[in-house]
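1. Predicted model follows, preceded by the sequence.
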Amino acid sequence: MLESADAARRLGVKLPTLYAYVSRGLLVSHPAPEGRRSLFAADDVEALAKRSRGGRTTETRLATVTTSTTQLRDDGPVYRGTPAIELATTLPYEQAAELLWRGDPQGETSERGEGRWEPFPLEPPSALTASDRLRWAVVMAGAGDRLRSDLRRASVVAVARRLVATMVAVLPGPRATPPVPALELGANRWENTVAGVLTARLAPEPDTDLVRAVNAALILLADHELATSTVAVRVAASARADLYDALLAGLGVVAGPLHGGASQLAYGLVRDAEELGSGRALDETLRWQTRLPGFGHSVYRGDDPRFTVLKGLVDDLLSPQRRQVLDSLLALAADRAIPGPNVDLGLGALTRASGMAEDAGRTIFTIARVAGWTAHYLEELEERPIRYRARAVYASRP
C-alpha cells in the first residue's frame, strides 16, 4: 500500500489532484489501521498511471520503485516502520542492519555461526587510502568466496555481515586496534560493536560518548531510500550480479564528492569557521562554491532530522568555545535564509570534533550504507530480472 504522497508522486500529480481522482471514482482510498491516513493499492495506482499514458506500457520503472525497506518522511527515514532517529540512540548499528535485512533487529545465529559479524582474513597494501581499502576489501573477499553466486537470503545476509566487519578491519588507524569480534546481539559492550572498533580505527582518543555518536551516524546513514548509489546496487541486482559486485557498483557511485564525500566539504567549512570565524568562513565558501556544503536537502523542507540527532551528540563532544562556533555558523546561515543543515554537516562536525581525518566522514558513510544497499539488493532479487531499461532520445550533434 502507498501513502498519499507516494501515490501522488507516482502519478505525477499534486495531492489535491489525487483526492479529486478519489472523488471521481478513478482511485479507491483505504483507511490506514490507525484511521488517520489514506492508503492506496500500488496496483491501482500503477493501472491509473498506465491509463494516464494513453494505455502505453513502459519498459522501465526507473523513476519509481516499490519498496518496503525505507520510507522518507518529514521526521527522517523510517526503517521497516521504525523511525531511524529512534533507532539511532537505542540500538547498535548491527541490530539496525538486521532490521533492514530481515525485519527483526535480533537477527539469527545458526550453529554454523552464520550470524557472526566476523571479518574475512585480509591484509591490504599499506599504501592504499581508506576509500581504496574499502573497495579492495570487497574485491578480495569476493575473489576468495567459492560460493559467491549463492543468492539465497540467508547466504546474502551472512556475507553482508562479514563484509561490514571486513571493511572496518582493513582500515588503518592511529592506534593498535583489535579485529572486529563476533558480535553477541543484545550485548551492551560498545567497544565490541562495529561502531566501537570503527571509532578506534578512526579517532585518536575514542571514548564511550564518541562511540555512541558514531553508532548513531551509522544508523542514520544506513539507508535513504533510492539514493543514487542505491539505484546502482538495485540495477546490478536486477542483472543478478552477486552481492560483492552489486556493492562495488554502489561503492563506485558513493565515491563521488557530491554523494559519500559531501561531509568532507562540510568538515572544511566547520574547520574554517573555527579558524577564521563563522562570517568569514561562510563568505569564503560562498565565494568559490555555488552552494553551502552541509546545508539544504531535496527531501526535507527544514532541517534534516538526522542532523538534529547528530548535533545533540556532537554538542557533548565539543568544548564550550567550539560549540559556540558551530552554533554561530548555524545562526548566521539561518539569518540569511540559507536552507537548513543536513546530515553531511552533522557528520562533518562529528569527525572534526573527534579529531578524525578529513575523509573519515566518507568512510563512516560508506560502511553505514552497506546495510541499506544489502536490503535493497535482497528486495530487488524478488523482482523480475533486467527490469531497468531507460530509453534515450537520439539527437544528432554537429
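-> Structure's in. What do you need?
2. which parts of stretch 69-85 are buried?
-> For stretch 69-85, the neighbour count (16 or more other C-beta atoms under 10 Å) marks 69-72, 76-80, 84-85 as buried. From N, CA and C alone the C-beta is placed, and that goes for glycine too.
3. Just name the closest of the residues you listed to Leu202, please.
-> Ala84 (21.5 Å; C-beta to C-beta).
4. now Glu46: how far from Ile364?
-> Noted for Glu46: a distance of 37 Å to Ile364, by C-beta to C-beta, to the nearest Å.
5. In terms of neighbours, single out the busier of those two.
-> Set Glu46 next to Ile364 and count neighbours by other C-beta atoms under 10 Å: Ile364 wins out with 24 against 16.
6. Next one: the nearest residue to that one once chain neighbours are set aside from Val393, what distance?
-> Spatial nearest neighbour of Ile364, excluding adjacent residues (C-beta to C-beta, 6 or more residues apart in numbering): Ala217 at 5.5 Å. Separation of Ala217 from Val393 (C-beta to C-beta) stands at 41 Å.
7. and the nearest residue to Pro105 once chain neighbours are set aside, how many neighbours?
-> Once flanking residues are discounted, Pro105 sits nearest to Gln95: 4.0 Å by C-beta to C-beta, 6+ apart. For Gln95, the neighbour count with other C-beta under 10 Å is 20.
8. Work out for me the element Gln95 sits within.
-> helix 93-102 (DSSP states H and E).
9. Counting by contacts, list what the helix or strand containing Pro16 packs against.
-> Assigned by DSSP H and E, Pro16 belongs to helix 15-23. If you count contacts as 3 or more C-beta pairs under 8 Å, 6 or more residues apart in numbering; DSSP states H and E, helix 15-23 packs onto helix 4-11.
10. Residues touching the lowest-mean-pLDDT helix or strand in the chain, excluding its own?
-> Least confident helix or strand, the chain: helix 42-52 with a mean of 78, by mean pLDDT, DSSP states H and E. Identification of contacts with helix 42-52 by C-beta atoms under 8 Å, 6 or more residues apart in numbering yields 1-2, 7, 10-12, 21, 26-28, 56-57, 66.
11. Restrict those to the buried ones and give me that as a ChimeraX selection.
-> Selection of the buried residues among the contacts of helix 42-52 in ChimeraX, burial being defined by 16+ other C-beta under 10 Å:
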select :2,7,10,11,21,27
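12. Could I get the buried residue list for the host helix or strand of the residue nearest to Ile364?
-> In the assignment (DSSP H and E), Ala217 maps to helix 208-220. Along helix 208-220, these residues count as buried under the neighbour rule (16+ other C-beta under 10 Å): 210-220.
13. Turn those residues into JSON lines, including pLDDT.
-> JSON lines is the format used below for these (pLDDT from 0 to 100):
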{"residue": "Leu210", "pLDDT": "95"}
{"residue": "Val211", "pLDDT": "94"}
{"residue": "Arg212", "pLDDT": "94"}
{"residue": "Ala213", "pLDDT": "96"}
{"residue": "Val214", "pLDDT": "97"}
{"residue": "Asn215", "pLDDT": "96"}
{"residue": "Ala216", "pLDDT": "97"}
{"residue": "Ala217", "pLDDT": "97"}
{"residue": "Leu218", "pLDDT": "98"}
{"residue": "Ile219", "pLDDT": "98"}
{"residue": "Leu220", "pLDDT": "98"}
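14. what's near enough to touch Thr17?
-> So Thr17 contacts 8, 11 (C-beta under 8 Å, 6+ apart).
15. And it, what's its pLDDT?
-> Note on Thr17: pLDDT of 87.
16. State the distance from it to Ala41.
-> Taking C-beta to C-beta as the measure, Thr17 falls 18 Å from Ala41.
17. May I have stretch 295-302 exported as CSV, CA atoms only?
-> Only the C-alpha atoms of stretch 295-302 are listed here, as CSV (Å, rounded to 0.1, in the frame of the first residue of the first chain):
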residue,chain,number,x,y,z
PHE,A,295,23.1,22.8,4.1
GLY,A,296,19.9,22.1,2.2
HIS,A,297,18.3,18.8,1.1
SER,A,298,16.0,17.8,-1.7
VAL,A,299,13.8,15.8,0.6
TYR,A,300,13.5,17.8,3.8
ARG,A,301,11.9,21.3,3.8
GLY,A,302,13.6,22.4,7.0
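18. Now do the buried residues in that stretch.
-> 295-297, 300.
19. for the lengthiest helix in the chain, the distance to its chain's centre please.
-> In the chain, ranked by residue count with DSSP state H as the criterion, the top helix is helix 360-381. Helix 360-381 sits 6 Å away from the centroid of its parent chain (C-alpha atoms, centre = their mean, to the nearest Å).
20. Using PDB, list the CA coordinates for it.
-> The C-alpha trace of helix 360-381 is given here as PDB (Å, rounded to 0.1, in the frame of the first residue of the first chain):
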ATOM      1  CA  ALA A 360      36.600  10.000   7.900                       C
ATOM      2  CA  GLY A 361      33.000  11.000   7.200                       C
ATOM      3  CA  ARG A 362      33.200   9.400   3.800                       C
ATOM      4  CA  THR A 363      34.400   6.200   5.500                       C
ATOM      5  CA  ILE A 364      31.600   6.200   8.000                       C
ATOM      6  CA  PHE A 365      29.000   7.000   5.300                       C
ATOM      7  CA  THR A 366      30.200   4.100   3.000                       C
ATOM      8  CA  ILE A 367      30.300   1.500   5.700                       C
ATOM      9  CA  ALA A 368      26.900   2.600   7.000                       C
ATOM     10  CA  ARG A 369      25.300   2.400   3.600                       C
ATOM     11  CA  VAL A 370      26.200  -1.300   3.200                       C
ATOM     12  CA  ALA A 371      23.200  -2.200   5.400                       C
ATOM     13  CA  GLY A 372      20.800  -0.300   3.100                       C
ATOM     14  CA  TRP A 373      22.400  -1.500  -0.100                       C
ATOM     15  CA  THR A 374      22.100  -5.100   1.000                       C
ATOM     16  CA  ALA A 375      18.400  -4.600   2.000                       C
ATOM     17  CA  HIS A 376      17.600  -3.200  -1.400                       C
ATOM     18  CA  TYR A 377      19.700  -5.900  -3.100                       C
ATOM     19  CA  LEU A 378      17.600  -8.600  -1.400                       C
ATOM     20  CA  GLU A 379      14.400  -6.800  -2.300                       C
ATOM     21  CA  GLU A 380      15.400  -6.500  -6.000                       C
ATOM     22  CA  LEU A 381      16.100 -10.200  -6.200                       C
END
